[in-house]
Each structure stands twice: as C-alpha cells, then as structure tokens.
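Enquirer: quick one, structure for this:
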Amino acid sequence: MSTGSSAWSEEQRHGRYSGYAEVAKPIEPIPGDMSLTELLHDSDYYIDWLTTFLDDLARELEPTHEEQSLRSWLAGCLAELCDNTYGARNVELSVFGSCATGVYLSDADIDVVVNVRTQDGRRVLWDLKSLLRNEPWIDSSSVRLISTARVPVIKLTTTARFGAIKMDITANMQSGNRSTQVAQGWFRDHPELMPLVLVVKLILQQEDMDEVFTGGLGGFSLVNMAVATVIRTKNCGLPHTISLGLLLLNFLGYYGRAFNYSRDAIAVNDTLCTIPRPDGPQRTTGRDSSDDGYDDDYDDGYDDGYDDSRDSRNNGRRDSGGQYRSYEDELDDDDNITLYIRDPSDFSNNVSRGSFRMGSIRRVFRDAYHRLLGDAQKIDIQEPRAGLDQVFRMDDLLSGKRAALIGVWDEIQQAMDDFESALGRDADISYAQVVHAMTRLHRRSSFSDSRGSNKRQRRHN
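Expert: Residues are numbered from 1 along each chain as shown. Below you'll find the model as predicted:
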C-alpha cells in the first residue's frame, strides 16, 4: 500500500499540480443570502447564546469513564480469545477509530484490528467467526462476516447483558491505526475539534447517516471535514472569537451549501488546501445533457475563477427552458453526488468513498444550517430555539443507552470484586471467568423471576 510520502511529490502534497495554479489557500467565507460576516455583525448575541448551548451539549455527549472502561474491557475479552487461539506472541490487537480517540457517542461501535503474524487475514476472520458465535458475551445471531467488502470485516453485537455494543473486527490491517494517529494529532492541536465532532455526530446519528455500511458518513471522514472547518475558520479573518457556535454554522453552511462536491476534494495537510478531485470533475444529474462535465475554469488553469466557485450564484447554468439553475439547485437534484477526502496517510485513498448517500447528508447539513439561521434572525426573542430544537431532537435515546452501559459496567466491577474477595487481590482473574460468572448470575436471576411469575399466576388462577 502506498503512503503519503511515496505516492505524491513534495509539490503535490502542498497543492501544486503540473498545469494548475496554486490552490492551497484558505477557502473564502461562505457567501450567499446571509454570510457569516453579516451574521456576526448583526447577531453576535445569538452566536454567544448558541455557543453556550453547544458547549453544554458537547460536555454531555462526551463518553463517561464507565463507557470508556466497558469498551476497553470488551476489547480485552476479544484479546484474550485471540491469545488463547493463536498464542500471545503471535497476535496483536488494537482498538482504532473513535473509541481510540475517545470522541464518540454512547451507541458507537468498537473498531478492532487483529494482526496475526502466522495467518492470512481472511483465514483469521473465518476462524474468529466460528469462535465468536460460541462466546457467551456475544449475540451469536449478530455475527456476520462480510468477506466481499474491500476490507473484509466481522460485524457483531454483544448481548444485552454486556451492553448490546456493536463491534467491527478486521484482520492484518494497518491503515486504521495510521488514521487514528493522525486524528489524535488533530485533536491535540485543535481543542475546538472534539466538541464540534461530537455535535455533528449527533446530527448525523439522529438522521441515521452515521454508518458507512449504509452509505452514511464515517468517523474519520467527519474528522477530516471538521478539522478543515476549524483551520478554514481561523484563516478567514472573521472579526469574532472562534467559538463552537461559529464553527458549527461554518461547517453546516460550507458542506450544506457552498462546497463544490463535483470538482473539489478536501485535503488537510500542514496547511489547509482544497485540490481538484484526483478522479476528475464529477457529472451531476442536474446538468444539461450537452455539458461535458468539465467547468470552463479547467481550460485556463484551476485557479482562474476559483473564488467565484465559492459563490453558488456564479457557478450555475440555464436549463432547457432558459431558467437559471445554480450549482446548489443542481446538487438538490442529485442524490448521487460523492465526496472526495484525500487520506492524509495514503494520498491514493479516498477516505469517504463508501459514503454513497452524500446527497442526503448534504441536505441534512443544509437544512440544519437554515434552521439555525432562522433562529438567528429572531434574536429579539429571549431564547430563539425553534430551529435548534429541530436540529437537536433531545430525546432519551442516548441518555437511556448511557444509563444501561453504566449499569453493565457496575455489574462487571461487582463480579471482579467478588472474585478478588474469594481468591485474593493478587489473583489472576481472566475475562472469561468474569463473563461466565455474570452469565450464570443472569440465568439464575431469570430462573428466579420465572418461578416467581409462575407462582403469582397460580395464585391468581
């Protein structure tokens, strides 16, 4: 697999291409009927109010100590199974993705890669598929091996007794670990990034757009988009403190309205740049049939007219009836638009290629942007949150999931304490021992509840 250093030249890494002018420059602030500059000038109070709400929301969404501990413990269960199967010296297990960065919601998957030195990756997955179906902490009916995927993966869910947490397992892969290291660096360098990612994750989760397997937006794609927003906002020279409210509006407005999906790619490096899509400009179904799919700007050099492309009003066409059609109108007609995000650790890879529902995702971002702007224009109201309540539907789904996970972790800790009391604090207690103890306790409790129910039924009769 090629890496960033070998796949592209030094000039290409910094946005310079043979035949094209320099494009590695900050993207202009969002144009349109109400720009961020106008919003900041007219509704400074709303930005501050929105930021206060989002700061509180992001803190609420951050994973708790119990959630982190439970996921780590479940990864330990899998690691123990792999050690017993392949030998501890021959296998290495790593958690990557959102669980490794600590930036995830309560219903997040656990992404794990199992590297076995002595086995082919596909053989490892076939072996694990059979073994995992016999593990009492896993719902056997949920275990699926998707061997035809570009990256073969086992998808499973733990039993309700162990949190009903989804887990994706790959074998003998390194790309996930490299991406995690890149993301961890961004979170470290940009403190604003974590709350922004959590808030957008919630928006996507509410619309069922957060699962790549069903065409949604993956975690690393979202992190790339969000860090690009952070850097772009800092480079825009806006007369306002960089706050979470400002970042969210900039993110939603840019990816919901202004970004040219058909010709631009996101490329985050030491400095932010956008580049021409490496796979070439993409045709949208809303274009006139006589259009060859290439913007005229390509004929004269990519930089010529680049700033104009940020304004959808200057990047449109007339339909067969002579009616003007903006670039935004074209995208609204196209459910097949795609996003290209250059992988920072493998420049030949498009991180977001699996997100085939980008048309729907873009509309989610656009609608959220307009709803929040609607609140901003009602600033005379004490708490203008009609749009806010539509964007963030604060139901009990996530809080209920969190409470359940905390309860599971408490039971696991109690089981481990019981073993230590019986065997001593220095006893070597395996994950399997704790799993079987909890399983027996659950069966005993279920049997007791069943007998009590039968007795009550007989008395009633």
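
Enquirer: where exactly do the helices run in the stretch 1-150 of the chain?
Expert: Under the criterion DSSP state H, counting those that start in this stretch, the stretch 1-150 of the chain carries helices at the ranges 4-7, 10-13, 36-42, 44-61, 65-86, 98-101, 121-132.

Enquirer: could I get the ones you listed as CSV with mean pLDDT and mean neighbour count?
Expert: To be clear about C-beta, it is placed using only N, CA and C from the backbone, and glycine gets the same treatment. Formatted as CSV, the helices of the stretch 1-150 of the chain follow (pLDDT from 0 to 100; neighbours: other C-beta atoms under 10 Å):
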stretch, mean pLDDT, mean neighbour count
helix 4-7, 33, 14
helix 10-13, 36, 14
helix 36-42, 58, 16
helix 44-61, 88, 16
helix 65-86, 96, 19
helix 98-101, 95, 24
helix 121-132, 96, 17
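
Enquirer: and of those, who's closest to R257?
Expert: helix 36-42 (11.6 Å; C-beta to C-beta).

Enquirer: picking up where we left off before, can you put the helices of the stretch 1-150 of the chain in JSON lines and add distance to P278?
Expert: Putting the helices of the stretch 1-150 of the chain into JSON lines (distance: least, C-beta to C-beta, whole Å) gives the following:
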{"stretch": "helix 4-7", "distance to P278": "10"}
{"stretch": "helix 10-13", "distance to P278": "10"}
{"stretch": "helix 36-42", "distance to P278": "29"}
{"stretch": "helix 44-61", "distance to P278": "34"}
{"stretch": "helix 65-86", "distance to P278": "35"}
{"stretch": "helix 98-101", "distance to P278": "26"}
{"stretch": "helix 121-132", "distance to P278": "27"}
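
Enquirer: for A160, which of those is the nearest?
Expert: helix 65-86 (13.2 Å).

Enquirer: which other helices and strands does that closest one contact?
Expert: For helix 65-86, the packing partners by 3 or more C-beta pairs under 8 Å, 6 or more residues apart in numbering; DSSP states H and E come out as strand 91-96, strand 110-116, helix 121-132, strand 166-171, helix 397-423, helix 431-460.

Enquirer: tabulate these (TSV), appending distance to N349.
Expert: Output for those, formatted as TSV (distance: least, C-beta to C-beta, whole Å):
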stretch	distance to N349
strand 91-96	15
strand 110-116	16
helix 121-132	18
strand 166-171	15
helix 397-423	32
helix 431-460	35
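
Enquirer: V182: which of those is closest?
Expert: From the helices and strands packed on helix 65-86, taking C-beta to C-beta, the stretch that ends up closest is strand 91-96, at 11.1 Å.

Enquirer: show me where pLDDT drops low in the protein?
Expert: Scanning the chain for pLDDT under 70 picks out 1-44, 237-240, 270-272, 283-334, 377-386, 394-398, 441-461.

Enquirer: follow-up on the earlier one: for F356, which of the helices of the stretch 1-150 of the chain is the nearest?
Expert: Closest among these, using C-beta to C-beta: helix 98-101, at 20.8 Å.

Enquirer: contacting residues around that closest one?
Expert: Residues from elsewhere that reach helix 98-101, judged by C-beta atoms under 8 Å, 6 or more residues apart in numbering: 71, 94, 104, 108-111, 180, 183-184, 187, 219.

Enquirer: could you pull out the buried residues of the helix or strand hosting Q181?
Expert: Assessed by DSSP states H and E, Q181 sits inside helix 175-189. Within helix 175-189, the residues scored as buried using 16 or more other C-beta atoms under 10 Å are 175-180, 182-183, 186-187.
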